[in-house]
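Novice: Provided below are the primary sequence and the corresponding predicted coordinates.
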Amino acid sequence: MVKSIKTVKGDILPIKDHVLVSDMEFAQLVTEGGIIIPGDEGSSRGIHPRWGKVYSVGRLQKEIKVGEWVLVEHGRWTRGVLLQKPNGDEHVIRRVDFKDIMATSDEPTSTYGSNGSI
């Protein structure tokens, strides 16, 4: 089943202390050993926190910085919006509340293991 996603051309800026993230992983994963873990969006096995890369922060946000990776409580993000930038870049952006951010990291981190490996 293909879900439709809203498209926005230009840029999006959050208000107050809100945080916008991109690069949240919902797709199929493959371990270093070749084991395939099916995509888990919308299923009971998909109930776990997820990492996202901070795309933008509101002007009142002082603790989270653009470019950091944040671990967000399960389900505490909005549906994605496809952002099409004038230079051709595309990002799926989701809003998260600061209170739902559990941890931060300077580098991409996998929910299943360290350094992006499973």
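Specialist: Sure, I can see it. Numbering: from 1, shown residues only.

Novice: show me what contacts the nearest residue to residue 106 once chain neighbours are set aside?
Specialist: Distances taken as C-beta to C-beta, 6 or more residues apart in numbering put residue 68 closest to residue 106, at 6.5 Å, once the chain neighbours are dropped. Every C-beta, even on glycine, is put in place using the N, C-alpha and C of the backbone. The contact partners of residue 68, taken as C-beta atoms under 8 Å, 6 or more residues apart in numbering, are 53-54, 104-106.

Novice: next one: residue 83
Specialist: Taking C-beta under 8 Å, 6+ apart, one finds 7-8, 10-12, 90-93 in contact with residue 83.

Novice: ok, and for the helix or strand containing it, which residues are buried?
Specialist: Secondary-structure element containing residue 83, defined by DSSP states H and E: strand 81-84. Buried residues in strand 81-84, counting neighbours by 16 or more other C-beta atoms under 10 Å, are found at 81, 83.

Novice: Show me what secondary structure element comes after it.
Specialist: Following strand 81-84 in sequence order, the next helix or strand is strand 90-96 (DSSP H and E).

Novice: Show me which parts of that next one are buried, residue by residue.
Specialist: Within strand 90-96, the residues scored as buried using 16+ other C-beta under 10 Å are 91-96.

Novice: And for stretch 53-66?
Specialist: The neighbour-count check on stretch 53-66 (16+ other C-beta under 10 Å) flags 53-58, 61, 64 as buried.

Novice: what about the closest residue to residue 94 other than its chain neighbours, distance to residue 35?
Specialist: Nearest residue to residue 94, sequence neighbours excluded (C-beta to C-beta, 6+ apart): residue 77, at 4.3 Å. Noted for residue 77: a distance of 27 Å to residue 35, by C-beta to C-beta, to the nearest Å.
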